[in-house]
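**Student:** what follows is a protein structure lacking sequence information:
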């Protein structure tokens, strides 16, 4: 007999798929094959990436590479910003933990990773990986070349940069194809943000980067399956092959333009964080004015209460349901950086190891309101003809991505203990 938590998690897998079916635009014409293939791929990848020694050793090596990137980023940021960027402080600190400044010590990693990503694309390293993954998605899910390229590239490049690879094809995509791209973009954490978030949670989550990478890798196939479940239309209408090439004329040009593009991303992230943290503070001030018995009302507390049934279905321990739900709700309402920061602010022992694992994977995506706005804006600028469809599908894509990451967290809670 499975224990109670495992039984709840198994029920959760069925429940999350059932919710997806309830959201479906055509409940009678369900493409069950891509849904089941997506779930099977998700479980298989989770087992391979966490249980096979050779693969876990590879992830350990990747973690060392990330540590090297973080050290290199710290060297650059401390040169530019001194002790604010992680260099040695010219005075003794009463609280060394307060020395971490997100803007000067975490965000600069995006610049280095952005430059290296452009260089690896120019050297065709990422192109080979994306081509192979796109071919696999085409065979497994029957998606078109443009959809396969965008979804496979999203883990490496991000939800805004990946669709740029298929910009000429975006106006010709069907509604179902466009929806797959949107759901996938909101279901993963792409490229440089993995490094940023990995450094943010490393003190509480061992091998943090490995967990974030695994979350994106196993969410990708289920994102396609969930998108097909909710909008079952034609997903292979665009049959023209995609030719991937480097837009750069030299390695130096790749490094230069990769850095300049990353600078824009850093400014966008910093601006959004300031606004969303400020808005949450304003909302909490307003809620505190309402009568209460004991602790004042907060947005996190309300969201925690509302999401408790969802967290119950993930198999998290009963004592942690509201705390996990509050942080997950913050992620959906604000963004993953704020949510992970809230997770790190919890006192030691506030969550069980299993709840911490489930929460780490549940937060591991761009699925939040702010990202929906960014995605709508970027796709609308790339394909103005599709602006109506993109706006209409925005929050439906967020719901699909939320269900996808809940499935990822549930599965990892069962097998990753």
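**Tutor:** It's in. If you're wondering where the values come from, they're calculated on a predicted model, not measured in any experiment.
**Student:** where do the strands sit along the stretch 251-400 of the chain?
**Tutor:** In the stretch 251-400 of the chain, no segments count as strands under DSSP state E, counting those that start in this stretch.
**Student:** where does the prediction get shaky in it?
**Tutor:** Applying pLDDT under 70 to the stretch 251-400 of the chain flags no residue at all.
**Student:** again, but for the stretch 101-250 of the chain
**Tutor:** Applying pLDDT under 70 to the stretch 101-250 of the chain flags the ranges 235-241.
**Student:** try 80
**Tutor:** Applying pLDDT under 80 to the stretch 101-250 of the chain flags the ranges 191-192, 233-242.
**Student:** look up phi and psi at the most centrally placed residue in the chain.
**Tutor:** Computing the C-alpha centroid of the chain and ranking residues by Cα atoms, centre = their mean puts residue 365 first, at 1.8 Å. When read as degrees, to the nearest 10, the backbone of residue 365 gives phi -160, psi 170.
**Student:** state the distance from it to residue 331.
**Tutor:** From residue 365 across to residue 331, the span is 8 Å (Cβ to Cβ, to the nearest Å). (Glycine included, C-beta is placed from N, CA and C.)
**Student:** that older thread, could you find the closest non-adjacent residue to the residue nearest to the centre of the chain?
**Tutor:** Distances taken as Cβ to Cβ, 6 or more residues apart in numbering place residue 405 nearest to residue 365, at 4.7 Å, with adjacent residues excluded.
**Student:** for the one you found, what are its contacts?
**Tutor:** Residues near residue 405 by Cβ atoms under 8 Å, 6 or more residues apart in numbering: 187, 215, 219, 361, 362, 363, 364, 365, 367.
**Student:** and these as CSV, adding distance to residue 234?
**Tutor:** What follows is the contacts of residue 405, written out as CSV (distance: Cβ to Cβ, whole Å):
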residue, distance to residue 234
187, 21
215, 29
219, 24
361, 32
362, 32
363, 33
364, 30
365, 26
367, 25
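**Student:** ok, back up a step: could you check the pLDDT of the residue nearest to residue 365?
**Tutor:** Note on residue 405: pLDDT of 98.
**Student:** ok so, going back, if I pick the residue nearest to the centre of the chain, what's in contact with it?
**Tutor:** 186, 187, 188, 189, 215, 216, 219, 336, 401, 404, 405.
**Student:** give me that answer again for 7 Å
**Tutor:** Applying Cβ atoms under 7 Å, 6 or more residues apart in numbering to residue 365 gives the contacts 186, 187, 188, 189, 219, 336, 401, 405.
**Student:** so the fourth one, which of the three states?
**Tutor:** What DSSP: H, G, I helix; E, B strand; the rest coil gives for residue 189 is coil.
**Student:** counting neighbours, what do you get for it?
**Tutor:** Residue 189 sits with 26 neighbouring residues when counted by other Cβ atoms under 10 Å.
**Student:** so residue 375 makes contact with residue 182?
**Tutor:** Yes - applying Cβ atoms under 7 Å as the test, residue 375 and residue 182 come out as touching, 6.1 Å apart.
**Student:** the two: which is more packed in?
**Tutor:** Neighbours of residue 375 and residue 182, each counted by other Cβ under 10 Å, are more numerous for residue 182; the result is 28 against 23.
**Student:** picking up where we left off before, which among the contacts of residue 365 gets closest to residue 7?
**Tutor:** Lowest distance from residue 7 to the contacts of residue 365 (Cβ to Cβ) belongs to residue 405, with 21.4 Å.
**Student:** tell me which element that closest one is part of?
**Tutor:** Using DSSP states H and E, residue 405 falls within helix 387-415.
**Student:** so what's the gap between that helix and the chain middle?
**Tutor:** From the chain centre to the centre of helix 387-415 is a distance of 10 Å (Cα atoms, centre = their mean, to the nearest Å).
**Student:** just the buried positions in it, please.
**Tutor:** 389-390, 393-394, 396-414 (16 or more other Cβ atoms under 10 Å).
**Student:** hey, where'd the helices end up in the stretch 251-400 of the chain?
**Tutor:** For the stretch 251-400 of the chain, the helices defined by DSSP state H, counting those that start in this stretch cover 251-288, 299-313, 321-333, 336-345, 353-362, 369-382, 387-415.
**Student:** quick one: the fifth one to helix 387-415, angle?
**Tutor:** I take that to be helix 353-362. When axes from the mean of the first three to the mean of the last three Cα atoms, to 10 degrees is applied, the directions of helix 353-362 and helix 387-415 differ by 160 degrees.
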